[in-house]
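Colleague: how would this look folded up:
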Amino acid sequence: MMTLRVLILALFASMSLNAQDYEYRVMINSGDNLVMKAGTTEWISLKMGVEIDFGDKIKVIKAGYLVLINSNGTHKEMKDPGEFEIVQTAINEKAITGKYLDYVVSKMSPEEQDINRKNYASVTGATERGINDIIIYMQSTSPVFNSEIILRWTSIGEGVIYKISMKNMFDEMIGEFETGDNYLKVDLGEDTFNQFKLISVQITADEKLKSQKYGIQKIEEGELGVYNDEHNELKASLQDDSPMSELIMAEFYEQHKLLLDASTSYEKAMAYSPNIEYFQQAYREYLMRNGWSDKIN
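Modeller: Here you go, the predicted structure:
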């Protein structure tokens, strides 16, 4: 069976040839989905990187998932079972989503993954960390734009209960949580947190195992500055409750140094499609780029 890495290499090789001579290419294929080429009557298996032209028919199986990308920056996300005919698009300029979709695809190339791993190895090799340290996957002080965040940290092992303490700038407790998972969803828009622009967070597993204190700094819409309009336009152009939408938004946030928002978007993409390796691998690559971890759990 071809590995995801080999399939990605095949996708990049195929994308470099005759980029304008096809309607779409297969970016992600999960399940035994099929294609019937225009003018034929035979259903054949879909593979990553395969060209899809207008007039071709796609059959998405039950629980299947498919993402097709176009050189103009558009993409089709197909998750409902059934048969669909590909119609010709008429887009004369690159969609805003294409700018970030290009980065998503390029960062998953084998060459970029090799660079990513070497950089991560050099960072972790030069950093002394205790074997039981708890590291939250965020900056020491993280600006955050969205109210909903998902915190993730290094797992100490099975059966561990983590205590998450959140305090205001005067070191007064404003929120406490306990979980057996190594992640937690928090809504900063709730009354408990909404009045505070700066919140510290620390995680402990017992009296000896704890993280350092991290800061969460909330920013308002106007504070995005020149990126505010682009953010709104990008959000408006994407589907809600879509893993690909979250992947594209994660790229936007990462480029603009909103890494806690980026992490949350990766978490959502992975949660929407937990059985699709592409989203898990994209999240791992992101964690390594920022020197946090080479694994999710």
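Colleague: Buried ones in stretch 276-290, by neighbour count?
Modeller: By neighbour count on 16 or more other C-beta atoms under 10 Å, the buried set for stretch 276-290 is 276, 278-290. For every residue, glycine as well, the C-beta is placed using N, CA and C.
Colleague: need those residues in JSON lines with pLDDT and secondary structure, can you?
Modeller: Shown next, in JSON lines, are those (pLDDT from 0 to 100; DSSP: H, G, I helix; E, B strand; the rest coil):
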{"residue": "276", "pLDDT": "92", "secondary structure": "coil"}
{"residue": "278", "pLDDT": "94", "secondary structure": "helix"}
{"residue": "279", "pLDDT": "95", "secondary structure": "helix"}
{"residue": "280", "pLDDT": "95", "secondary structure": "helix"}
{"residue": "281", "pLDDT": "95", "secondary structure": "helix"}
{"residue": "282", "pLDDT": "96", "secondary structure": "helix"}
{"residue": "283", "pLDDT": "97", "secondary structure": "helix"}
{"residue": "284", "pLDDT": "96", "secondary structure": "helix"}
{"residue": "285", "pLDDT": "97", "secondary structure": "helix"}
{"residue": "286", "pLDDT": "97", "secondary structure": "helix"}
{"residue": "287", "pLDDT": "97", "secondary structure": "helix"}
{"residue": "288", "pLDDT": "96", "secondary structure": "helix"}
{"residue": "289", "pLDDT": "95", "secondary structure": "helix"}
{"residue": "290", "pLDDT": "94", "secondary structure": "coil"}
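Colleague: Need these in TSV (columns: distance to residue 143).
Modeller: Formatted as TSV, the buried residues of stretch 276-290 follow (distance: C-beta to C-beta, whole Å):
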residue	distance to residue 143
276	30
278	28
279	25
280	26
281	27
282	22
283	20
284	23
285	22
286	17
287	19
288	22
289	18
290	14
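Colleague: now, among these, which is nearest to residue 122?
Modeller: Nearest to residue 122 among these: residue 288, at 11.2 Å, using C-beta to C-beta.
Colleague: just checking, that closest one touches residue 120?
Modeller: Yes - Residue 288 is within contact range of residue 120, at 4.0 Å (criterion: C-beta atoms under 8 Å).
Colleague: which neighbours do those two share?
Modeller: residue 294 (C-beta atoms under 8 Å, 6 or more residues apart in numbering).
Colleague: now the residue positioned nearest the centre of the chain, nearest residue through space, not along the chain?
Modeller: Note on the chain: the residue nearest the mean C-alpha position is residue 266, at 2.9 Å, using C-alpha atoms, centre = their mean. Spatial nearest neighbour of residue 266, chain neighbours left out: residue 283 (4.3 Å); criterion: C-beta to C-beta, 6 or more residues apart in numbering.
Colleague: Next, find the distance separating that neighbour from residue 152.
Modeller: Per C-beta to C-beta, to the nearest Å, residue 283 is found 9 Å from residue 152.
Colleague: which residues do the two both contact?
Modeller: In terms of C-beta under 8 Å, 6+ apart, residue 283 and residue 152 are both contacted by the residues 267, 296.
Colleague: Who are the contact partners of the closest residue to residue 219 other than its chain neighbours?
Modeller: In space, and not counting its chain neighbours, residue 219 is closest to residue 143: 5.1 Å by C-beta to C-beta, 6+ apart. Shown in contact with residue 143 (C-beta under 8 Å, 6+ apart): 217-219, 257-258, 260.
Colleague: can the residues you listed go into TSV with extra columns for pLDDT and distance to residue 169?
Modeller: Formatted as TSV, these follow (pLDDT from 0 to 100; distance: C-beta to C-beta, whole Å):
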residue	pLDDT	distance to residue 169
217	96	10
218	94	12
219	90	16
257	94	22
258	96	21
260	98	18
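Colleague: Nearest to residue 187, out of those: which one, please.
Modeller: Using C-beta to C-beta, the contacts of residue 143 come closest to residue 187 at residue 218, 12.1 Å.
Colleague: how close does that closest one sit to residue 149?
Modeller: To residue 149, residue 218 is 10 Å away according to C-beta to C-beta.
Colleague: hey, what's in contact with both of these two?
Modeller: residue 188.
Colleague: Which helix or strand in this structure has the lowest average pLDDT?
Modeller: In the chain, no helix or strand scores lower on mean pLDDT, DSSP states H and E than helix 4-15, which sits at a mean of 48.
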